[in-house]
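> Turn this into a model:
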Amino acid sequence: MRFINISSLIILMLVITGCSETNNEEDEVEGSSSNTYEALLFVNGKETQSIGKTAEDFQVEPGDLIGKVETKYGLGIAPKKELTSNFLEEGTEIYSVDGKPNMFLAKKQNGEFEVFDSF
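Just a heads-up that it's a prediction; the model follows:
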């Protein structure tokens, strides 16, 4: 009888610990499961990535205002909707670059423009 009680207790503990694991799927955005930690921006139907440089580094000027970031996701989520990012704050202005259709500039709070490129 004592063996049955100990066995039951062990099985109960296994069930409880197995059920207590968390599932982070609720934090994911529909259609994105790449679990990337790169600074990404989805603009003009393209996923672009920060290259860690400023417009001044590339000697480029901002062109037309495309729009503002509408939604910021967590770093582990790849944005898949227009004007969304996993890095830039909501409201960040996004600009085109004349003559460089795959390059975009994000105006940072300090006035500098961060370069995003689709490779």
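> I'd like to know how far residue 105 sits from residue 76.
Distance, residue 105 to residue 76, by Cβ to Cβ, to the nearest Å: 25 Å. Any C-beta I mention is one placed from the backbone N, CA and C, and that applies to glycine too.
> Which one of these two is surrounded by more residues?
Neighbours per residue (other Cβ atoms under 10 Å) separate residue 105 from residue 76, with residue 105 holding more: 24 against 15.
> Enumerate the beta-bridge partners assigned to the more buried one.
Beta-bridge partners for residue 105, by DSSP bridges, are residue 95, residue 115.
> same check, this time on residue 46
Note on residue 46: beta-bridge partners by DSSP bridges are residue 43.
> tell me, how many neighbours does it end up with?
The local packing of residue 46 (other Cβ under 10 Å) involves 15 other residues.
> correct me, but it touches residue 119?
No: the criterion here is Cβ atoms under 8 Å, and residue 46 misses it with residue 119 at 10.0 Å.
> Mutual contacts of these two, please.
Taking Cβ atoms under 8 Å, 6 or more residues apart in numbering as the criterion, residue 46 and residue 119 both touch residue 102.
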